[in-house]
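Peer 1: heads up, no residue letters with this:
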């Protein structure tokens, strides 16, 4: 039941951890180089995890109410 929300949560945490692990650097020209794509990807996966959890909770609640 909780397989999908936990998978998405784990991927979200991996993205956020990966961003901090890789870090950012500044090259010789003064340009910031960082894995910026991991930030919105991590937040999007976290949001999908929460939405998936709520949807599954409502389905379980509805199934219990129907009998």
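Peer 2: Alright, I've got the coordinates. All values derive from a computational prediction rather than experimental measurement.

Peer 1: Determine the set of other helices and strands touching the lengthiest helix in the chain.
Peer 2: Using DSSP state H to define each element, the chain has its longest helix at helix 38-66. In this structure, helix 38-66 packs against helix 3-22, with contacts taken as 3 or more C-beta pairs under 8 Å, 6 or more residues apart in numbering; DSSP states H and E. Heads up, the C-betas are built off the backbone N, CA and C, glycines and all.

Peer 1: buried ones in the helix it packs on?
Peer 2: 5, 8, 9, 11, 12, 15, 16, 19 (16 or more other C-beta atoms under 10 Å).

Peer 1: Pick the one among those residues closest to residue 25.
Peer 2: Distances from residue 25 to the buried residues of helix 3-22, taken as C-beta to C-beta, are shortest for residue 19 (13.3 Å).

Peer 1: any idea how far residue 12 is from that closest one?
Peer 2: Separation of residue 19 from residue 12 (C-beta to C-beta, to the nearest Å): 11 Å.

Peer 1: Which residues are in contact with each of the two?
Peer 2: Each of residue 42 lies in contact with both residue 19 and residue 12 under the rule C-beta atoms under 8 Å, 6 or more residues apart in numbering.

Peer 1: Show me the shaky parts of the protein.
Peer 2: Filtered on pLDDT under 70, the chain yields the residue ranges 67.

Peer 1: Now with 80, please.
Peer 2: For the chain, applying pLDDT under 80 flags the ranges 1, 67.

Peer 1: related to what we said a few turns ago, which one of the buried residues of helix 3-22 is nearest to residue 50?
Peer 2: residue 5 (7.6 Å).
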